[in-house]
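Colleague: Have a look; sequence and predicted model below, questions after that.
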Number of protein chains: 2
Amino acid sequence: MVEQQPDDLDLDAIFTALAHPIRRDILEQLADGPESVGELAEPHDVSLAAVSKHLRVLEDAGLLNVEADGRVRRCHLDAAPLSEAFGWLTRYRVLWEDRFDALADHLETEDQ
Amino acid sequence: MVEQQPDDLDLDAIFTALAHPIRRDILEQLADGPESVGELAEPHDVSLAAVSKHLRVLEDAGLLNVEADGRVRRCHLDAAPLSEAFGWLTRYRVLWEDRFDALADHLETEDQ
DNA sequence: CTGTTGTTCAACCATCTAGTTAAGTGTGCA
DNA sequence: TGCACACTTAACTAGATGGTTGAACAACAG
C-alpha cells in the first residue's frame, strides 16, 4: 500500500539539501553562528554565484534563514527541519542496532 | 577550513538515495522483510525499469543487497549505512532541541 | 556623485536524473 | 524445445543540477 506521508515533500527537500558536500559544509559553518554569504563562500573553491545557489537550496528546505543587514546577508541555521529527517531515520534505527531481535521488534511495534 | 570527512562520498550517496519518495517507500517495504523486484515495483505507478533504476541507486548507497533466487531477485534491506546519516544528523540534534543553551553547549563540546 | 563591495540574476553549458518503450538475458516449466 | 516469466539494459527524452562568466543592483565610503 505504501502510504504517502504528509511531509513527504519536506523530506525530499531536506534530504536533497543534505546530499551535496558543500551544502553540508555550509551547515557545519553555520552551526557555530550566523555568517554572511561571503564568509560562507570563502572556504569553497567555487564561485560566489554557485554558493548563492546552494544557499537557495538550503533555504527551500527551511534550513536557512537570511536576514538583510545593510548590504550583507546574514545567514542563520534553522536546524528544526533536520529533526524530521532524524525522525524518519529513527524508525530504522532498530534495524542497524541490536540486529537479532530487531526485525521482530520492529514488526510488532510498527506494523505498517 | 571546512575539513572533508573520509565518508563524505558515502553521505552523498546515502542522502541522495533518501531524497526520492519512491526510494524511501522501497526502504519501508523492505523493513518488513525481503521482497522481489516485482513485489517492490507493484505499489508504484512507474515502470519496472524505473524501479530497477531506483534499486540501483539504493544498492550504490549500500542500503540494498540483492540475492539471486532462480529468476527472482530477492532484495534485502541493509540499514547499516543509515547509521552514518543518523550520526551526521545527531551532531545537530542539540540545535533543534533545548534551544536556549544549545548553541553554547555545542560550541564548548565540539569546537575544533 | 562616484566608485567599491556584497550579493543576486541571467544566460549559458555539461552532466545527471527520472522517466519512457523496446529489446535482451536468464530461469522455470510444459 | 520452446514459450512465459522476472528482470536488466539500451536508447531516448524532458527537465533538473551544478557549475561558469558577466551584468545588475543595492548599500556604504570617499
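Modeller: Sure thing, it's come through.
Colleague: Quick one: distance of the helix or strand hosting A:Arg74 to the chain centre.
Modeller: Secondary structure assigned from DSSP states H and E places A:Arg74 in strand A:72-77. Distance of strand A:72-77 from its chain centroid, counting by C-alpha atoms, centre = their mean, to the nearest Å, is 17 Å.
Colleague: and it, what other elements does it pack with?
Modeller: helix A:21-31, strand A:35-36, helix A:37-41, strand A:64-69 (3 or more C-beta pairs under 8 Å, 6 or more residues apart in numbering or on different chains; DSSP states H and E). Placement of C-beta: from N, CA and C, glycine included.
Colleague: And the next helix or strand past that strand?
Modeller: helix A:80-96.
Colleague: got any ranges where chain A has weak pLDDT?
Modeller: Within chain A, the ranges that satisfy pLDDT under 70 run A:1-6, A:98-112.
Colleague: Show me which residues of it are close to DNA strand C?
Modeller: A:36-39, A:41, A:48-49, A:52, A:55-56, A:66, A:71-73 (C-beta under 7 Å from any atom of the strand).
Colleague: Which one, of the helices and strands packed on strand A:72-77, ends up nearest to B:Ala80?
Modeller: Checking the helices and strands packed on strand A:72-77 against B:Ala80 by C-beta to C-beta gives helix A:21-31 as the closest, at 20.0 Å.
Colleague: before we move on, what SS does A:Asp45 have?
Modeller: coil (DSSP: H, G, I helix; E, B strand; the rest coil).
Colleague: what's next to the strand holding A:Arg74, contact-wise?
Modeller: A:27, A:30-31, A:34-38, A:40, A:55, A:63-68, B:95 (C-beta atoms under 8 Å, 6 or more residues apart in numbering or on different chains).
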